[in-house]
Structure formats: structure tokens, C-alpha cells
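Student: Quick check, what structure comes out for this input:
(one chain, ligands or ions: 2)
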Amino acid sequence: MKSIALKVLDARMREHVPAYATSGSAGLDLRACLDAPITLAPGDTALVPTGLAIHIGDPGYAALILPRSGLGHKHGIVLGNLVGLIDSDYQGQLMVSTWNRGQTTFTLEPFERLAQLVIVPVAQVGFERVEDFAASERGAGGFGSTGRG
Ligand SMILES: O=c1ccn([C@H]2C[C@H](O)[C@@H](COP(=O)(O)OP(=O)(O)OP(=O)(O)O)O2)c(=O)[nH]1
Ligand SMILES: [Mg+2]
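Tutor: Numbering: from 1, shown residues only. Ligands and ions are numbered 1, 2, ... in the order given. Down below sits the predicted model:
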């Protein structure tokens, strides 16, 4: 298992270090490191600290912050940036842009699990400038070019 450097920035997070909930989990739940609840009216967005920082330190990996399905589906709590991308050289606090896209007010409680972190492999690439591509089966077709169903 790959090891990633983790800093606990807020002592209250010591007992909430991210951990996989099951042996097959892809995501590590992130908690809201808050002094008091935050009320999010429909349409509101808040930048919520997690009290944690990671330094992936390897350009072959990145982390994604994704919504939790229960909060997103049942309560409309998703991410203001839709997906958060954590660069391998980022050393600052993990922040969660929390957006209430629903129709009812939501109260986010201190230390509630509000999003999840997924570590993913990344390929950094170089570009070779060309005038023409070698022909492919798809060519430039997209946006439904293969039919709808
Ligand atoms: O949901 C997020 C998204 C990003 N970040 C941090 C980690 C990431 O490495 C950094 C920059 O993110 P991004 O490149 O997506 O934002 P930007 O608007 O392009 O900012 P920058 O100019 O700093 O790259 O902000 C978070 O903590 N949470
Ligand atoms: Mg950027």
C-alpha cells in the first residue's frame, strides 16, 4: 500500500484521521473541521476546512475530492467545484467547497463526514505537435455520434 504524508493541522482531528471504512473502499471520508454548525440555505456554498493536509509528493498520483452519495442524493450537498483536484505538490489544508444544490436548508455539523478523498494514478504527458493524426475508427465523431441508446 502506498504511503502518503499526512499533517493533522487541528488537534481535534487527531481522533479522526482518514481511514478506509471497509477493506474494499476507494474513498476516505473527509470531515468538516468546524467550531460550530454551518447552515447552508439552498444555493449556498461554503469553503469548509478539514483540519488535514497531505503531501502526495509523487507526480504519478493525485487525489480527488468527491461528494458522498448519501449527502448528494438525499440532501443535495455536493461540491461547489463539482470535483476537487489535489495536486501531488499541494501541501496546504484540504478544503471542501460545499454546495447546497438542493431545495432545503442543510445544517453541517462539526466533524460530520461531508466528502471523500480518492487517490488516483496520474500520467503526466508531453505533447508532440503534428499536422495530421493517424486515422482512428472514431475520428472526430462524438457527442452522440454512435447513436443514443
Ligand atoms: O476541492 C479542492 C480543490 C483544490 N484544493 C487545493 C489542492 C489543489 O492542489 C489546489 C489547487 O487546486 P486547483 O488547481 O484545482 O485550483 P486553481 O483554481 O487552479 O488554483 P491554483 O492556481 O492554485 O492551481 O487547491 C483543495 O484543497 N480542495
Ligand atoms: Mg490549478
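Student: Leaving out sequence neighbours, find the closest residue to whatever residue of the chain ends up closest to ligand 1.
Tutor: The nearest approach of the chain to ligand 1 comes at residue 84, 2.2 Å away (CB to the nearest ligand atom). Heads up, the C-betas are built off the backbone N, CA and C, glycines and all. In space, residue 84 comes closest to residue 65 once its chain neighbours are excluded; the distance is 3.2 Å by CB to CB, 6 or more residues apart in numbering.
Student: which bits of this structure sit near ligand 1?
Tutor: 65, 81, 84-87, 90, 94-95, 97 (CB under 6 Å from any ligand atom).
Student: how about a cut-off of 8 Å?
Tutor: Neighbours of ligand 1 within the chain, by CB under 8 Å from any ligand atom: 65, 79, 81, 83-87, 89-90, 92-97.
Student: What about the residues you listed, which one has the most neighbours?
Tutor: Highest neighbour count within these: residue 96, with 25 neighbours (other CB atoms under 10 Å).
Student: can you tell me which residues contact that one?
Tutor: 30, 32, 47-48, 50, 65, 79, 84, 114-115 (CB atoms under 8 Å, 6 or more residues apart in numbering).
Student: and the residue positioned nearest the centre of the chain, bridged to which residues?
Tutor: Central residue check for the chain by CA atoms, centre = their mean: the C-alpha nearest the mean position is that of residue 65, 0.6 Å away. For residue 65, the beta-bridge partners are residue 84, residue 117 (DSSP bridges).
Student: what's the single longest strand in the protein?
Tutor: Across the chain, the strand with the greatest residue count (assigned by DSSP state E) is strand 45-55.
Student: Pull up the pairing partners for that strand, direction included.
Tutor: Strand 45-55 is paired, per DSSP bridges, with strand 5-8 (antiparallel), strand 93-100 (antiparallel).
Student: Tell me which of the ones you listed sits nearest to residue 61.
Tutor: Across those, residue 61 has its closest neighbour in strand 5-8 (12.1 Å, CB to CB).
Student: Go ahead and name everything in contact with that closest one.
Tutor: 14, 17-18, 51-55, 57.
Student: in the chain, which spans are strands?
Tutor: Along the chain, counting by DSSP E, strands occupy 5-8, 28-31, 38-40, 45-55, 61-67, 77-79, 84-86, 93-100, 106-108, 113-121.
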